[in-house]
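**Student:** quick check, what structure comes out for this input:
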Amino acid sequence: MEEQSGSVPVARKNKHDIVGSLPLELVVQVIEHLDMADVVRNQRVSKRWRTIFSSDPIIKTKISLTRTLAALGMETEHAKAEAMFYFRWLYGLEFARPVKKVFLPWLQFEGKINQIVYHSRRLCYAISERDGAKVVMLNLETGRRSVWANDAGHYLQEVILSDRYLVIVSYASPHCVLLAWDIHTSQRLAERRFLWFPSSVIVDKDKAVIIPGAEWRSHPVFVWDLSTDRLQEFGSFTCPDLWHVDADENVVVMFEIDWDKRTPEVQQSKWSLSCGEQLGKKQFRLSVAGRRVDRNTLRRSFNDRYCTRGYKVTSELFYSEDYPCSAVRLTYDHAVDRLSLGWIDCNKPVRHDALPNHCDSLAPHIIYRSQYQLWGIVVYNTASDTATVHPYELDAREVKTANSLGLLPGSRETIFKYWSFGDRELFGVATDDGIQFWLFNPDFVLNLPDAEPFVAMELSR
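**Tutor:** The predicted structure is shown next:
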């Protein structure tokens, strides 16, 4: 049996990165006075610079173009300016420094908001009502608001949003009901019913892939073609740990891991999306870099439920109760068909019992995670296998949240629910008061009439 090893943490001295710790404005000014050859050489000086320039495919492409033009003796200023634009953008993502923050207070609805999802400048939130639930969609570019009724079930479980489709997962005893809409035509498509709840539903192009989630019983994976309403199944899985879906290449890759082995044992299988045929299967062991993990001490992050970034790379985080300052990074690179495991070490313990229990992948190597009770935002860097906790600052209008945190006179701390979401352009945190938007793309302007500039609440934790 072959063994695949992940990145192995090495004990290092805590050296201070003087260049990388400079404020963004100074960093940009320094780089603007360098040519691309100097920029590349300076990656050896600053680990943070090296991470940014080498981890993001857009910046790597811009730098490569600039160097090629320079070698040909052609004008490079425009290409260099574009590289600096993306550097500024990604620098803000890495260090939780948005170019702008705004706050959107909730409108007065009769129901209670119980879920939020975000995809390609569209924001969906589910509202519980007496007779069921409905989903509201906001287009952040146009400000258009649309409502999608969920009359298929009594309890809304999950909302999935893609470029074209909206899928609502509900519970209507004894069934799990999936209801799909075409958001371009507002057409309601057919529904599907199951006697078990999936752990995840992934929508890629016109395929909805339904992943089983029960640990006590095996189920097949179902592929629902939303354009033809055809349903097919393949395989039998108990509780898969990672999956990769690629409609363009017509493939699904599934991973089942036996964490209770001293060196975890992986069963990897590859399937055709269109016909359910098994295309390949292999078994190997996964190095855990000398640390110990087992199923009972691992908790999943449900990293954006499903996330493929960069060169078709899918990642998932797990948290081990045995290592409170670390997270387990499981990454599959489809380009080279390789699964790797690494440890992301934080600068202090991180509580992982917050709701919702998932992360937000904002870039190929950047994952944001809201801490328990909004004590902070943890930024995981999978390129350097490090994590940093940044404070979460309340807006002056987040009064209910401040009360729940016990920060106002006469208030007591209580457990409350909040949501986080985002992509490389923005990150958002939604509470009972409204939504904080952190904008990282300098060119992205929210077109929401009710959104107001962020005003910090004058109190401390």
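
**Student:** quick one: contacts of stretch 179-195?
**Tutor:** Identification of contacts with stretch 179-195 by CB atoms under 8 Å, 6 or more residues apart in numbering yields 122, 137, 146, 148, 150, 152, 161, 164-168, 170, 172, 174-178, 208, 210, 222, 224, 226, 229, 231. For every residue, glycine as well, the C-beta is placed using N, CA and C.

**Student:** quick one: low-confidence parts of the protein?
**Tutor:** The chain contains residues with pLDDT under 70 at 1-76, 79-80, 108-111, 129-132, 150-154, 214-216, 302-312, 352-358, 460-461.

**Student:** ok, 50 please
**Tutor:** Per-residue confidence for the chain (pLDDT under 50) gives these ranges: 2, 5-14, 354-357, 461.

**Student:** distance of the nearest residue to residue 164 once chain neighbours are set aside relative to residue 162?
**Tutor:** Beyond its immediate neighbours in the sequence, the residue positioned closest to residue 164 (CB to CB, 6 or more residues apart in numbering) is residue 184, lying 5.9 Å away. Using CB to CB, to the nearest Å, one obtains 11 Å as the distance from residue 184 to residue 162.

**Student:** and if you look at residue 173?
**Tutor:** 28 Å.

**Student:** same check on residue 208?
**Tutor:** The spacing between residue 208 and residue 162, counted by CB to CB, is 9 Å.

**Student:** likewise for residue 275?
**Tutor:** The separation that residue 275 has from residue 162, given CB to CB, amounts to 22 Å.

**Student:** how about residue 406?
**Tutor:** For residue 406, the distance to residue 162 under the criterion CB to CB works out to 39 Å.

**Student:** now do residue 327
**Tutor:** The span separating residue 327 from residue 162 equals 27 Å under the rule CB to CB.

**Student:** what about the closest residue to residue 261 other than its chain neighbours, how many residues close to it?
**Tutor:** By the measure of CB to CB, 6+ apart, the closest residue to residue 261 outside its immediate chain neighbours is residue 285, 7.5 Å from it. Taking other CB atoms under 10 Å as the neighbour definition, residue 285 ends up with a count of 17.

**Student:** so residue 285: helix, strand or coil?
**Tutor:** Using DSSP: H, G, I helix; E, B strand; the rest coil, the three-state assignment for residue 285 comes out as strand.

**Student:** that one contacts residue 267, correct?
**Tutor:** No: with contact defined as CB atoms under 8 Å, residue 285 does not count as touching residue 267 (11.1 Å).

**Student:** could you report the distance from residue 381 to residue 391?
**Tutor:** For residue 381, the distance to residue 391 under the criterion CB to CB works out to 18 Å.

**Student:** who has more neighbours, the two?
**Tutor:** When neighbours are counted by other CB under 10 Å, residue 381 and residue 391 differ, and residue 381 comes out ahead with 22 against 12.

**Student:** who does the more buried one form a beta bridge with?
**Tutor:** Judged by DSSP bridges, the bridge partners of residue 381 are residue 366, residue 386.

**Student:** ok, it to residue 106 distance?
**Tutor:** With distances taken as CB to CB, residue 381 is found 33 Å from residue 106.

**Student:** same check, this time on residue 457
**Tutor:** As for residue 457, its distance to residue 106 is 17 Å (criterion: CB to CB).

**Student:** what residues of stretch 95-113 count as buried?
**Tutor:** Residues 95, 96, 98, 100, 101, 102, 103, 104, 113 are the ones in stretch 95-113 that count as buried (16 or more other CB atoms under 10 Å).

**Student:** that one spans what distance, first to last residue?
**Tutor:** 30 Å (CA to CA, to the nearest Å).
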